[in-house]
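Enquirer: Model the structure of this input:
(chains A, B, C and D)
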There are 2 protein chains.
Amino acid sequence: MKIERSPVSILENPSLNAALTSIQTALSEHKTLILVANCAVEYKGRANSKLEPGERILIIKEDGSVLVHRPTDYSPVNWQPPGCLFQTGISEGKLRIRAVRKKVRESITIIFGKIYLLAVLSLVDKGAFSLYASEEDMEKAIVAEPSLIESGFQVIAFEKPIEPGFVDIYGIDEKGHLVVIEIKRGTAGKTAILQLEKYLEAIRKVAKREIRGILVAPNIAKGVHPLLTSLKIEYKPLSPQECYNILQKQQILRQKGLEGFF
Amino acid sequence: MKIERSPVSILENPSLNAALTSIQTALSEHKTLILVANCAVEYKGRANSKLEPGERILIIKEDGSVLVHRPTDYSPVNWQPPGCLFQTGISEGKLRIRAVRKKVRESITIIFGKIYLLAVLSLVDKGAFSLYASEEDMEKAIVAEPSLIESGFQVIAFEKPIEPGFVDIYGIDEKGHLVVIEIKRGTAGKTAILQLEKYLEAIRKVAKREIRGILVAPNIAKGVHPLLTSLKIEYKPLSPQECYNILQKQQILRQKGLEGFF
DNA sequence: GAGTGGATTTCGCAT
DNA sequence: ATGCGAAGTCCACTC
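Expert: Numbering: from 1, shown residues only, chains lettered A, B, ... in the order given. This is a model prediction of the structure:
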């Protein structure tokens, strides 16, 4: 018989001492904790806050972050970012957890009444998270809103076939100079710069006037700045998210109804 | 024997169908749900995102908000603000929950693998939450940083005893005019304005020069603007939080170590 | 360490 | 609904 790994260990309505022991062990082993309990919370730090007793969900994560959630609202009523140090104990017959942050000198103290559920978790989560606004989306956004590049910029063409391939965006600046834009969705490296340079050289052979090359990306790799300057290529930071927002504003991405779920 | 209310109903390692039934009931009754499960998440809306399978904590609240938390980080990896409509079902042998928001047309879909824990909660939380930087703190902040009121403002005295009571702050502006400041921590109403007016009248009787009255508060009540203008009292918005930040910067509120917990 | 800018920011309040 | 500003914003990055 195969024994399945159980990442969840549950205590229902634990006694004060059982809860304390379980919490202390979990904290020392950097496990994730979920508590459903009646509790009061105090925060002292950048501001002060006090939360009177009530039934809430409390999460303490492996990295030392803390969340106190009421039964409504997206955002936690009290919280602590990662990196907390914890103090636990029983005083005046009540279980207390204090989470202290050092760098911003602030703390929350949770004073527990009845604990309904205490779950100790050993979660394994290696799943990649990707947020995507495609390079194509970024291109659309610039076409729709050329001032994203700079004031006075105008798009002449996009996905324009040039000798080595396709130029992302081809335009003209305020002073009438030609502009060639290369877009990267993620960190732009040496490859992206050299690709843009190839287009620039190809166009320079044909049109003998001044051409500017602009690399558009959310960020650029370390150490490629010298290459940029030596090739006189400019860098314009632009995030996929910002592009998405613009597209939505311009209603270019039309979201349809609830199609395609089941 | 007294039967205690149990706001928590727990299923450990539920079957697909048991979980579906439980979730559907909970959603229709607007109860709060906690799930610990292996799941994948897709988001479509303001941006698109995809989260590959992994073990996470999922919270669906009474108000239709959704949180997907990984075992690290303060912020949820995926979420949905309150007011979602839910679709649930089993397709391709997997339990799915889809949360759709109407006004911002966005949705997240959670595709479940193994569910380790399903807790249905009926939380009662009436506890008041208060975030406080006291009126005294605001006063301290203005004394420490008079430019909060306006450039060139100087404090002459605070908590100064005047005929009807104590003036919060008494000062002089850039042009040498007297200034009387009334501070309110919360919304300033008619009472606050009339109180300030009383001080102003009392001082006008003594000093026969021009006096400005400034009401300092994070906001003012509806419909009192006419009263302000008719009494020629000025209004300076200032939040307790901002005051707190200034006090901390000026190190007037000195946070000490970990004293006084146990 | 402080300062800057983005975020599926969220959350108010005013228009 | 839209727009503007604050937030215990958080977070990543630069200086």
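Enquirer: ok, A:Ser122 - contacts?
Expert: A:Pro7, A:Lys31, A:Thr32 (Cβ atoms under 8 Å, 6 or more residues apart in numbering or on different chains). Backbone N, C-alpha and C define where each C-beta goes, glycine included.
Enquirer: Contacting chain B as well, which ones from these?
Expert: Filtering the contacts of A:Ser122 for proximity to chain B by Cβ under 8 Å from any Cβ of the partner chain leaves A:Pro7, A:Thr32.
Enquirer: Closest one of the contacts of A:Ser122 to DNA strand D?
Expert: A:Thr32 (15.3 Å; Cβ to the nearest atom of the strand).
Enquirer: Just to check, the closest one is in contact with A:Gly64?
Expert: No. Under the criterion of Cβ atoms under 8 Å, A:Thr32 makes no contact with A:Gly64, lying 10.8 Å away.
Enquirer: And those two? Which one has more around it.
Expert: More neighbours sit around A:Thr32 than around the other of A:Thr32 and A:Gly64, counting by other Cβ atoms under 10 Å in any protein chain shown; the figures are 27 against 19.
Enquirer: if we can go back for a sec, from the contacts of A:Ser122, which land in strands?
Expert: Taking DSSP state E as the definition of strands, those contribute A:Thr32.
Enquirer: least confident pick among the contacts of A:Ser122?
Expert: Least confident of those in the model: A:Pro7, at 93.
Enquirer: What lies in contact with stretch A:210-220?
Expert: The set of residues external to stretch A:210-220 that reach it, using Cβ under 8 Å, 6+ apart, is A:138, A:142, A:149, A:168, A:173, A:177-189, A:192-193, A:196-197, A:199-200, A:203-204, A:228, A:231-240.
Enquirer: Contacting chain B as well, which ones from those residues?
Expert: On the criterion Cβ under 8 Å from any Cβ, A:Pro240 are the entries of the contacts of stretch A:210-220 that sit beside chain B.
Enquirer: Drop anything exposed from the contacts of stretch A:210-220.
Expert: Of the members of those, the ones counted as buried by neighbours, 16 or more other Cβ atoms under 10 Å in any protein chain shown, are A:138, A:142, A:149, A:168, A:173, A:178-185, A:188-189, A:192-193, A:196-197, A:199-200, A:203, A:228, A:231, A:233-235, A:238, A:240.
Enquirer: give the contact list for A:Arg101.
Expert: For A:Arg101, the residues meeting the contact criterion (Cβ under 8 Å, 6+ apart) are A:Gly45, A:Gln80, A:Pro81, A:Gly83, A:Cys84, A:Leu85, A:Ser107.
Enquirer: what's the spacing between it and B:Thr72?
Expert: A:Arg101 sits 16 Å away from B:Thr72, taking Cβ to Cβ, to the nearest Å as the criterion.
Enquirer: do the same with A:Ser147
Expert: Relative to B:Thr72, and taking Cβ to Cβ, A:Ser147 is found at 39 Å.
Enquirer: Find the nearest non-adjacent residue to A:Pro53, please.
Expert: The shortest distance from A:Pro53 to any residue other than its chain neighbours is 4.5 Å, reached at A:Ala40 (Cβ to Cβ, 6 or more residues apart in numbering or on different chains).
Enquirer: Equivalent analysis for A:Thr32, please.
Expert: Beyond its immediate neighbours in the sequence, the residue positioned closest to A:Thr32 (Cβ to Cβ, 6+ apart) is A:Leu121, lying 4.2 Å away.
Enquirer: Show me the beta-bridge partners of that neighbour.
Expert: The bridge-partner assignment for A:Leu121, based on DSSP bridges, gives A:Val8, A:Thr32.
Enquirer: residues near it, how many?
Expert: Counted with other Cβ under 10 Å, the burial measure for A:Leu121 works out to 24 neighbours.
Enquirer: Which of the three states applies to the residue sitting furthest away from the middle of chain A?
Expert: For chain A, the residue at maximal distance from the C-alpha centroid (Cα atoms, centre = their mean) is A:Lys208, at 44.1 Å. Per DSSP: H, G, I helix; E, B strand; the rest coil, the secondary structure class of A:Lys208 is coil.
Enquirer: close to DNA strand C, is stretch A:37-53?
Expert: No. In terms of Cβ under 7 Å from any atom of the strand, no part of stretch A:37-53 sits within range of DNA strand C; the closest distance is 12.7 Å.
Enquirer: May I have that stretch as PDB, with CA atoms only?
Expert: Written as PDB, here are the backbone C-alpha positions of stretch A:37-53 (Å, rounded to 0.1, in the frame of the first residue of the first chain):
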ATOM      1  CA  ALA A  37      -9.800  31.700  15.900                       C
ATOM      2  CA  ASN A  38     -11.400  34.400  17.900                       C
ATOM      3  CA  CYS A  39      -8.600  36.900  18.400                       C
ATOM      4  CA  ALA A  40      -7.700  40.500  19.000                       C
ATOM      5  CA  VAL A  41      -4.800  42.200  17.200                       C
ATOM      6  CA  GLU A  42      -2.600  45.200  18.000                       C
ATOM      7  CA  TYR A  43      -0.300  46.800  15.600                       C
ATOM      8  CA  LYS A  44       2.500  49.300  16.500                       C
ATOM      9  CA  GLY A  45       4.800  50.700  14.000                       C
ATOM     10  CA  ARG A  46       4.300  53.200  11.200                       C
ATOM     11  CA  ALA A  47       0.900  53.800  12.700                       C
ATOM     12  CA  ASN A  48      -1.000  52.100  15.600                       C
ATOM     13  CA  SER A  49      -4.000  50.000  15.300                       C
ATOM     14  CA  LYS A  50      -6.300  48.000  17.500                       C
ATOM     15  CA  LEU A  51      -8.700  45.300  16.400                       C
ATOM     16  CA  GLU A  52     -11.300  44.200  18.900                       C
ATOM     17  CA  PRO A  53     -11.900  40.400  19.300                       C
END
